[in-house]
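1. Structure here, sequence nowhere to be found:
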């Protein structure tokens, strides 16, 4: 989906993140793309990570660069330790440091529990959970090495984990995905507890139903959207920019006292709307 669709881009202050260096994983489409563009619009230099789709990633980087900041596309599979280490080393070498990590890369391999293969289970856990851990670990090393630079940010670094409402809402037919996001929640909180004394802030954003290519069938037709809206009290399906705005805010010093929190951006999906009339 075109990241310009949705909430107006003008709500992002152009210099809110000026001078900061951000890495967004899985940033060549969907939520990752909108988030990378939002960070660039807020004044950050942005590395656009991708595992496939180089041309799309380079297009995102070019759009970000049009805001007068630096951007580059880096290929790396976040589930592979050596590739994550190499990506972070390259970023520090080429951009000087990292201030913001948005661990966004994720995927689905759906099946009923009796039909799900070990490969389907493992792939989702490897990317959605282990990938976030590896990226967070490497970012934390650089944050710790560099420390706080007051002219840049009040914190030594920010890690924002992209989770899902399914970290707390069970999802039949998606046990691997829901388990990975439940793991992200506890990983984020544990990292936040461990790293906060070093002025490293760790938080998460949990999207609800968002219009991205991965779930197009759930919102593209009027019939599908009507069914989906039964789960959303706010009566609209989210856009990728809704997530981008949340990430930009969490990454900024406006949220400097926010630590170990999940921000649900879901139109009220986690309010369990089925119980609005007594269940």
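-> Cool, got the structure. Keep in mind that this is a model prediction, so the values were computed, not measured.

2. now the strands: where do they sit in the chain?
-> Using DSSP state E, the strands of the chain run over 21-24, 45-50, 71-75, 100-103, 157-162, 200-207, 262-265.

3. What strands line up against the last one, and which way round?
-> Its sheet considered, strand 262-265 pairs with strand 200-207 (parallel) by DSSP bridges.

4. Could you list the low-pLDDT ranges of the stretch 151-279 of the chain?
-> 279 (pLDDT under 70).

5. quick one: the helices in it?
-> 175-195, 222-229, 240-251 (DSSP state H, counting those that start in this stretch).

6. closest to residue 97 out of those helices?
-> Nearest to residue 97, of all the helices of the stretch 151-279 of the chain, is helix 240-251, at 14.6 Å by CB to CB. All C-beta spots, glycine's among them, are computed from the backbone N, C-alpha and C.

7. Leaving out sequence neighbours, find the closest residue to residue 196.
-> residue 259 (5.1 Å; CB to CB, 6 or more residues apart in numbering).

8. What is the neighbour count of the one you found?
-> Using other CB atoms under 10 Å, residue 259 has 17 other residues around it.

9. go on, residue 111?
-> 15.

10. just the one 4 residues further on next, same as before
-> Burial of residue 115, expressed as a neighbour count using other CB under 10 Å, amounts to 9.

11. same check, this time on the one 4 residues further on
-> A count of neighbours around residue 119, defined by other CB under 10 Å, yields 9.

12. mind putting the strands of the chain in JSON lines, distance to residue 58 included?
-> Below are those laid out as JSON lines (distance: least, CB to CB, whole Å):
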{"stretch": "strand 21-24", "distance to residue 58": "14"}
{"stretch": "strand 45-50", "distance to residue 58": "8"}
{"stretch": "strand 71-75", "distance to residue 58": "5"}
{"stretch": "strand 100-103", "distance to residue 58": "19"}
{"stretch": "strand 157-162", "distance to residue 58": "22"}
{"stretch": "strand 200-207", "distance to residue 58": "25"}
{"stretch": "strand 262-265", "distance to residue 58": "28"}
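
13. okay if I get these as CSV plus distance to residue 57 and mean neighbour count?
-> Formatted as CSV, the strands of the chain follow (distance: least, CB to CB, whole Å; neighbours: other CB atoms under 10 Å):
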stretch, distance to residue 57, mean neighbour count
strand 21-24, 10, 30
strand 45-50, 4, 29
strand 71-75, 4, 20
strand 100-103, 15, 30
strand 157-162, 17, 27
strand 200-207, 21, 25
strand 262-265, 24, 20
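
14. and residue 145, which of those is closest to it?
-> Per CB to CB, nearest to residue 145 of the strands of the chain: strand 157-162, 10.1 Å.

15. what's the closest one packed up against?
-> Under the contact criterion of 3 or more CB pairs under 8 Å, 6 or more residues apart in numbering; DSSP states H and E, strand 157-162 touches strand 100-103, helix 131-146, helix 175-195, strand 200-207, helix 240-251.

16. Determine how far that strand lies from the middle of the whole chain.
-> Relative to its parent chain, strand 157-162 has a centroid offset of 8 Å by CA atoms, centre = their mean, to the nearest Å.
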